[in-house]
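Q: sequence first, then the predicted structure:
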Amino acid sequence: MADRSTAAVDVADTSGEEPLTAKAGASTGDGKSRERDTAPQSTEETDRAGSSATVSAPELHSGHKLARRYRLEECLTRLDGFSSWRAVDEKLRRAVGVHLLPAEHPRARSVLAAARSAALLGDPRFVQVLDAVEEDEIVYVVHEWLPDATELTALLASGPLEAHDVYQLAQQISQAMAAAHREGLSHLRLNPGAVLRTSTGQWRVRGLAVNAALRGIDVDSPQRTDTEAIGALLYAALTQRWPYEDDAYGLSGLPKGMGLIAPDQVRAGVHRGLSELAMRALVNDGSTASRQESPCTTPDELVRAIAEMPRIRPPEPVFTAPPEYQRTSYQQGSYGRPAPRTAQTAPVVVPPPPLQTRTGRVLKWGVAALLIAALGLGSWQLADALMERDTPEQPETSQPADTTDEKPKIATHKITGAAEYAPDGSPQNADSVSNTYDGDSSTYWRSRSFVDGPRLAPYKQGVGIVYDLGAEKDVSAASIGLRYAGDRTTVELYAADSMSSGTPVGSMKKIGTTTTQSTTAKVDGKEAVTTRYVVVWLTHVPQAPGDQYSGSGYKQAITDVKLRG
């Protein structure tokens, strides 16, 4: 049986807060206890939900099985006609989370629709919906259980986060929500209880669309609501305070009557750029005390604002000197025995002076013989050299050194920007393109997993990225770092006219191509091509096993790209 983890299942905690922008018409309160039943706090929500409080949660018990597969283990909460459970998928032998509500519940249809839409997104930055079913007058939603993840609420209980951790939080959550909104999905309940950090340092969001559907939350401006929620998360991570007057999620609110003040005015040492970023998402149309920046009203705008910031490096590891070694009586060999008596010190025998023994005299004569032999050999070589000097030498024709094989050093061009090249309008992972030229080989852009391969056509002509060099430069070669080795990866290099994906590769000038079975692809063109934009295009990818981000199949990921002229 899996151990209970409050960070692993998407339980129905609300902590008494209201949605940040749409404070009206939102079911938000179950107090601070996850086990207490409460009614909706607003009449608008009660009307919209059709008096959902009259519909009781299904009376199920531990050990009950859904679809003869999901065995309920522990009820984590009962609220507003639905319940949340920790369960076990007996078919795959893994822990899962389950939301249950009666089929006649007024929000049952919207919960099913939200869960199925979230499942189709398939973005690994979200806790994945695994199943959404109506069966035996019960609607249930099954989702991932992450035993190695920790809620942001628990992380903030010990203090504010480091600047690097807050930067990663802002970047990953903003990119995830931007991707969700592009697919028409919103969260509307993005709070510290909905954000998790895994043991590998990745941030993940749970309850996309489903949490709001369970509570009947609907707003007029979902992008602004989610953006303001991200700003509140950054504020809390920087200051360990909730950016409103009311306490929430175990955090103290701001002093009453002071209004919203910048994080660097709440706590000393807060990173200035992150403080301004949080304010741009939260307050006064984005204005701050020191700068008048445009507000961030959508996750996409927040992603661009983060990209314009200088990258925040992780702190240097602190070396702690090991404690001084102390010998104990046990280590000295006296454990369980009385201390030995002090013995009389034996007289020390003084050795004879060096080289005065018989061995020393033999060594002296041996060294002297070697010196005499060395002098004789040196004299003979000197005489022989003088004799050869008097002998006339045949003139030799001197030939200049052949330097034609030496290739001039090729300069590596600086990449100033990039975008995913998707002429078919179906990008693979557009938000992680910058990972391919950030100088960090542990980050990467990846393609999706394909069923057939290694050749992607005819279902997809290829996948790739277009890079901006900032100005026209000569490009003749490229070095591309890959994540997966295997059957073969074919890389083609093209000179493009712009960053647009509207131009097919067939109309571009080809610089070169290569095929590799390793994790490095080197493209060497016959001649340099002058261009500002370069397309790295993959037409064949190897088969690779599944991981936490995608299933097994034909796929590839790019870790580093270097373009040379």
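A: Arrived safely.
Q: what pLDDT does T288 get?
A: Model confidence at T288, given as pLDDT, is 50.
Q: in the protein, which helix is the longest?
A: Looking across the chain with DSSP state H, the single longest helix is helix 358-390.
Q: which is the next helix or strand following that helix?
A: Counting by DSSP states H and E, the element after helix 358-390 in chain order, helix or strand, is strand 412-413.
Q: which strands or helices does that next one pack on?
A: Packing partners of strand 412-413 (3 or more Cβ pairs under 8 Å, 6 or more residues apart in numbering; DSSP states H and E): strand 463-482, strand 557-564. C-beta coordinates here come from the backbone N, C-alpha and C atoms, glycine included.
Q: quick check: mean pLDDT across the longest one?
A: In this case it means strand 463-482. On average, strand 463-482 scores 93.
Q: orientation of the helix or strand just after it relative to strand 463-482 in degrees?
A: Sequence order places strand 489-496 as the next helix or strand after strand 463-482, per DSSP H and E. Strand 489-496 runs at 120 degrees relative to strand 463-482, counting by axes from the mean of the first three to the mean of the last three Cα atoms, to 10 degrees.
Q: may I have the following helix or strand past strand 489-496 as PDB, with CA atoms only?
A: Per DSSP H and E, the first helix or strand lying C-terminal to strand 489-496 is strand 509-516. Taking C-alpha atoms only, strand 509-516 is exported to PDB below (Å, rounded to 0.1, in the frame of the first residue of the first chain):
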ATOM      1  CA  LYS A 509      18.800  27.000 -49.700                       C
ATOM      2  CA  LYS A 510      20.300  23.800 -48.200                       C
ATOM      3  CA  ILE A 511      23.500  24.200 -46.300                       C
ATOM      4  CA  GLY A 512      24.200  20.600 -45.500                       C
ATOM      5  CA  THR A 513      22.900  17.300 -44.000                       C
ATOM      6  CA  THR A 514      24.200  14.400 -41.900                       C
ATOM      7  CA  THR A 515      23.000  11.200 -40.400                       C
ATOM      8  CA  THR A 516      24.200   9.900 -37.000                       C
END
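Q: okay, buried residues for strand 509-516 please.
A: Within strand 509-516, the residues that count as buried by 16 or more other Cβ atoms under 10 Å are 511-514, 516.
Q: mind putting those into a markdown table with distance to E151 and pLDDT?
A: Shown next, in a markdown table, are those (distance: Cβ to Cβ, whole Å; pLDDT from 0 to 100):
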| residue | distance to E151 | pLDDT |
| --- | --- | --- |
| I511 | 49 | 92 |
| G512 | 49 | 93 |
| T513 | 48 | 94 |
| T514 | 46 | 94 |
| T516 | 43 | 94 |
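Q: sketch out the low-pLDDT regions of this protein for me.
A: 1-58, 283-292, 318-321, 324-358, 386-409 (pLDDT under 70).
Q: not counting sequence-adjacent ones, nearest residue to the spatially most central residue of it?
A: By Cα atoms, centre = their mean, the mean C-alpha position of the chain lies nearest to Q202, the distance being 4.6 Å. In space, and not counting its chain neighbours, Q202 is closest to Q172: 7.1 Å by Cβ to Cβ, 6 or more residues apart in numbering.
Q: quick check: phi and psi at the closest residue to L234 other than its chain neighbours.
A: Sequence neighbours aside, A278 is the residue nearest to L234 in space, at 4.0 Å (criterion: Cβ to Cβ, 6+ apart). When read as degrees, to the nearest 10, the backbone of A278 gives phi -60, psi -40.
Q: CA atoms only: put the strand or helix carrying the residue nearest to Q202 into CSV for me.
A: Q172 is located in helix 163-182, with elements delineated by DSSP H and E. What follows is helix 163-182, C-alpha atoms only, in CSV (Å, rounded to 0.1, in the frame of the first residue of the first chain):
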residue,chain,number,x,y,z
ALA,A,163,15.8,33.5,-5.9
HIS,A,164,16.8,30.7,-8.3
ASP,A,165,13.9,28.5,-7.2
VAL,A,166,11.5,31.4,-7.6
TYR,A,167,12.8,32.1,-11.1
GLN,A,168,12.3,28.4,-12.0
LEU,A,169,8.8,28.5,-10.5
ALA,A,170,7.9,31.6,-12.5
GLN,A,171,9.3,30.3,-15.7
GLN,A,172,7.9,26.8,-15.6
ILE,A,173,4.4,27.7,-14.3
SER,A,174,4.0,30.6,-16.7
GLN,A,175,5.1,28.4,-19.7
ALA,A,176,2.7,25.6,-18.6
MET,A,177,-0.3,28.0,-18.2
ALA,A,178,0.5,29.7,-21.5
ALA,A,179,0.4,26.3,-23.3
ALA,A,180,-2.9,25.4,-21.6
HIS,A,181,-4.5,28.7,-22.6
ARG,A,182,-3.5,28.2,-26.2
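Q: please state the offset of that helix from the chain centre?
A: 10 Å (Cα atoms, centre = their mean, to the nearest Å).
Q: what helices and strands are in contact with that helix?
A: So helix 163-182, by 3+ Cβ pairs under 8 Å, 6+ apart, packs with strand 195-197, strand 203-205, helix 222-239, helix 272-282, helix 299-308.
Q: related to what we said a few turns ago, tell me how many other residues crowd the residue nearest to Q202.
A: Neighbour count for Q172, taken as other Cβ atoms under 10 Å: 20.
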